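Student: just the structure for this:
(chains A and B)
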Amino acid sequence: MSPIVQAVSTRALQALLTAWVLATLCFAFVHALPGDTALRIAAARVGEDRVTAETADRIRREEGLDRPIVVQYGDWIARLAVADLGRSLVSRRPVTDDLAYHGRFTLGLGAIGWLLSYAVALPIGVLAGFRPEGWVDRLSTAVSVGIASLPSFLVGIGLISLFALTLRWLPPAGFRTGAHMVLPAVTLALGLAAFSIRIIRNAVVEVRSAFYMTFARIKGLGVRQAFRSHGVRNAAIPVATFAALQFAYVVDGFVVIETLFNYPGLGELLVKALLARDVPVIMGAGLMIGLLYAAANLIADLVCLTLDPRRAAQAAA
Amino acid sequence: MTAPSVTLGRPRARRFPSASLALVGAMTALAAVGPFLVATDPNAQDLLRVLEPASWAQPLGTDHLGRDVLARVVHGAPRSLGIALLCVLAASGVGVALGLAAAYGTRLADAVIMRLSDLMLAFPGILLALLLSGFLGGGIVPMLIGIKLTLWPQFARMARAVAIGVLQEPHVEAAELAGFSKHVILARHVLPPVLRQTMTLTTLGLGSAVMSISALGFLGLGLQPPTPEWGAMINELLPYLSEAPAQMAAPCLAIFLAVLGFTLAGQAVADETVRSESAP
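Tutor: Next comes the predicted model:
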């Protein structure tokens, strides 16, 4: 089996498993909670104080809650398999519509934040790697350890107090214009760069002290040329691997950042649905985030395989 | 290749980095004795004195309900740090036990445990804790389970890898030939190196658990108000950020110092482990 096919099939299997576990977890939670499920759905729909026995009975019949649990579970999975996620208990809109709308915002924020982080981390990391223990290296290490010790919402709160409340350059939260995207994207980028700067620095240091670099210098190449023709590609392998892995980390980070900035992405959708106990939306958003994570991991695998043919050969053997 | 260095006289004592020790020590002290020293009730409201700046009576000012911010930060410490400790101890206990079972047990057990940990790693970190807390209502137990579930696979993998390495070493073979039982070998020869190696994960895990707990609190899905937990405090104070920046800074700084302490200590422990491995 070619390594690419293998990577794709492993990740596809992972995505399926994630989806199944999430679906089962949601189903189990809904049915295992103490109390009457129909009553709870009725409360979410019409409000706690207006629930009557009749509404609960009607919902029980409508949603088929009076059937055996195994049948309900089978039905739940079968509907999922055809991407029927149902409607939101609160807004009554189809969940897939909500996901499509909010997903766009999340993808945009994730891509911009990720690109921004490497625009910052690459030059700093390379500079630090060329002068290990130099001032760029020391300063960037100290700053990245500091930022890595801050949960993303604290970085965000710091940026809001400085740029939105004190300097008044940017809007603090919400989403109407492109300017609303700056602070969330910078928050995300700083969190990512705090880790990638070290990886880039170490990759550069490693390549600089490798035997083939010494050989290239003995051969008579200048420092710059040796690095250009022998160093860059070798240093790129760990960096690109990590960069792709961080794509998966973005999936983890945006939930908190979107909530802080009131940015209409998937994470915000999930948190709001969790607070409102809107099960179909929770389920849909959770599923979507899980699938994004699996997709990001797949991209990471493919990047490694393309950049490093040795790994592909190893995997094939 | 460098020549092996020859040390004359006593080797220089290695100092454990003091900054991380001081931070971790200060945080532990804050959590352990702080609540006894600051007697003010962290939940006592005084609606006539809301969002007041720092004074002698309230060194960090009051929040939007007139509660003493210093008392809330100090009383929040045992919650934020204590729950983090519980999470990590539970995760390392379960992880190490499963990792050893995978290394020691049958092939089937190994395969099942390792696939389980793969499955857990297929979830984006905070998602499970979020879903659990969301469904079960914010409290300590869902948070504990959620964070433990995301942390244990690392421990299991490391414990398994170390145990498999140790089991192949000659001194273990000798112990087997000498007739020691499996349990004795496990306790004497396998467990100590496994625990030494997982120390780094434990320390770093404390930092990430503090972050996850505060993130859940911040999202409104962790410990519920009026509990003085750092993340929940930040969530409550966020609307008053421009009027009361100092009150907001207190819990933020507490989280930052705690995570920084555990991160630095984790790195120091990792360096120490590498050094003691490479030492003859």
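
Student: count the neighbours of residue B:22 for me.
Tutor: 12 (other C-beta atoms under 10 Å in any protein chain shown). The way it works is simple: take the backbone N, C-alpha and C, and place the C-beta from them, glycine included.

Student: and it, what helix or strand is that in?
Tutor: Take DSSP states H and E as the rule and residue B:22 turns out to sit in helix B:18-37.

Student: what's that helix packed up against?
Tutor: helix B:69-104, helix B:245-278 (3 or more C-beta pairs under 8 Å, 6 or more residues apart in numbering or on different chains; DSSP states H and E).

Student: want to throw these into CSV with mean pLDDT and distance to chain A?
Tutor: Formatted as CSV, the helices and strands packed on helix B:18-37 follow (pLDDT from 0 to 100; distance: least, C-beta to the nearest C-beta, whole Å):
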stretch, mean pLDDT, distance to chain A
helix B:69-104, 89, 12
helix B:245-278, 84, 4
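
Student: with residue A:306 as the reference, name the closest of those.
Tutor: Ranking the helices and strands packed on helix B:18-37 by distance to residue A:306, with C-beta to C-beta as the measure, places helix B:245-278 first at 31.6 Å.

Student: flag every buried residue along that closest one.
Tutor: B:247-252, B:254-270, B:272-273 (16 or more other C-beta atoms under 10 Å in any protein chain shown).

Student: how about stretch B:191-201?
Tutor: B:191, B:193, B:194, B:197, B:198, B:199, B:200, B:201.

Student: shaky segments in the chain?
Tutor: I'll assume chain A. A:1, A:33-37, A:44-48, A:252, A:311-317 (pLDDT under 70).

Student: wait, chain B
Tutor: For chain B, the ranges with pLDDT under 70 are B:1-17, B:50, B:138, B:277-280.

Student: what's the neighbour count on residue 19?
Tutor: Reading this off chain A. 19.

Student: actually chain B
Tutor: With other C-beta under 10 Å as criterion, residue B:19 counts 12.

Student: likewise residue A:130?
Tutor: Around residue A:130 there are 16 residues (other C-beta under 10 Å).

Student: am I right that it is in contact with residue A:203?
Tutor: No. Counting by C-beta atoms under 8 Å, residue A:130 does not reach residue A:203; the two are 11.8 Å apart.

Student: quick one on the thing from earlier: tell me the angle of the helix holding residue B:22 relative to helix B:69-104?
Tutor: 120 degrees (axes from the mean of the first three to the mean of the last three C-alpha atoms, to 10 degrees).

Student: for helix B:18-37, buried residues please.
Tutor: Counting neighbours by 16+ other C-beta under 10 Å, the buried set in helix B:18-37 is B:20, B:23, B:24, B:27, B:30, B:31, B:34, B:35.

Student: again, but for stretch A:57-74
Tutor: Neighbour counts over stretch A:57-74 (16+ other C-beta under 10 Å) mark A:59, A:60, A:65, A:72, A:73 as buried.

Student: same question, stretch B:104-115
Tutor: B:104, B:110, B:113, B:114.

Student: which helix or strand contains the second one?
Tutor: I take that to be residue B:110. Using DSSP H and E, residue B:110 falls in helix B:107-121.

Student: can you name every helix or strand that that helix contacts?
Tutor: helix A:3-32, helix B:69-104, helix B:140-167.

Student: does chain B sit close to the first one?
Tutor: This points to helix A:3-32. Yes. Under the criterion of C-beta under 8 Å from any C-beta of the partner chain, helix A:3-32 makes contact with chain B via A:14, A:17, A:18, A:21, A:22, A:25, A:26, A:29, A:30.

Student: with adjacent residues omitted, what lies nearest to the fourth one?
Tutor: Here the nearest residue to residue A:21 in space, its sequence neighbours aside, is residue B:119; by C-beta to C-beta, 6 or more residues apart in numbering or on different chains that works out to 6.8 Å.

Student: how close does the one you found sit to residue A:294?
Tutor: According to C-beta to C-beta, to the nearest Å, residue B:119 stands 12 Å off from residue A:294.

Student: which of the two has more neighbours?
Tutor: Remark: of residue B:119 and residue A:294, residue A:294 carries more neighbours, 24 against 15, as counted by other C-beta under 10 Å.

Student: just checking, that one is part of a strand?
Tutor: No. Residue A:294 is assigned helix when assessed by DSSP: H, G, I helix; E, B strand; the rest coil, not a strand.

Student: now name the helix or strand holding the spatially most central residue of chain B.
Tutor: Geometric centre of chain B, nearest residue: residue B:206, 1.1 Å, by C-alpha atoms, centre = their mean. Using DSSP H and E, residue B:206 maps to helix B:191-219.

Student: now the helix or strand just after that helix, how far from the centre of its chain.
Tutor: Next along the chain after helix B:191-219, taking DSSP H and E as the criterion, comes helix B:230-237. Relative to its chain's centre, helix B:230-237 lies at 20 Å (C-alpha atoms, centre = their mean, to the nearest Å).

Student: and for stretch A:59-74?
Tutor: Per C-alpha atoms, centre = their mean, the centroid offset for stretch A:59-74 relative to its chain is 34 Å.

Student: how long is that stretch from one end to the other?
Tutor: 19 Å (C-alpha to C-alpha, to the nearest Å).

Student: ramachandran angles for the nearest residue to residue A:300 once chain neighbours are set aside?
Tutor: Closest residue in space to residue A:300, ignoring its immediate chain neighbours: residue A:244 at 3.4 Å, by C-beta to C-beta, 6+ apart. Note on residue A:244: backbone dihedrals following degrees, to the nearest 10 are phi -70, psi -40.

Student: count the neighbours of residue A:244 for me.
Tutor: 20.

Student: before we move on, back to that, in CSV, list the residues of helix A:3-32 next to chain B along with neighbour count and distance to residue B:51.
Tutor: Converted to CSV, the residues of helix A:3-32 next to chain B look like this (neighbours: other C-beta atoms under 10 Å in any protein chain shown; distance: C-beta to C-beta, whole Å):
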residue, neighbour count, distance to residue B:51
A:14, 21, 49
A:17, 17, 49
A:18, 22, 45
A:21, 16, 45
A:22, 24, 42
A:25, 16, 41
A:26, 21, 41
A:29, 17, 39
A:30, 20, 41
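
Student: okay, strands next: where are they in the stretch 101-250 of chain A?
Tutor: Remark: no strands are assigned in the stretch 101-250 of chain A by DSSP state E, counting those that start in this stretch.

Student: where does it come near chain B, residue by residue?
Tutor: Contact residues, the stretch 101-250 of chain A versus chain B (C-beta under 8 Å from any C-beta): A:145-146, A:148-154, A:157-158, A:160-161, A:165, A:248.

Student: buried subset of these as a ChimeraX selection?
Tutor: Selection of buried members from those for ChimeraX, criterion 16+ other C-beta under 10 Å:
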select /A:148,149,150,151,152,153,154,157,158,160,161,248
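
Student: ok, which stretches of chain A are helices?
Tutor: Taking DSSP state H, the helices of chain A run over residues A:3-32, A:37-46, A:53-62, A:69-81, A:95-130, A:135-148, A:152-159, A:179-208, A:211-218, A:223-226, A:232-261, A:266-276, A:279-307, A:309-316.

Student: what packs against the shortest one?
Tutor: So that's helix A:223-226. Using 3+ C-beta pairs under 8 Å, 6+ apart: helix A:223-226 touches helix A:211-218.
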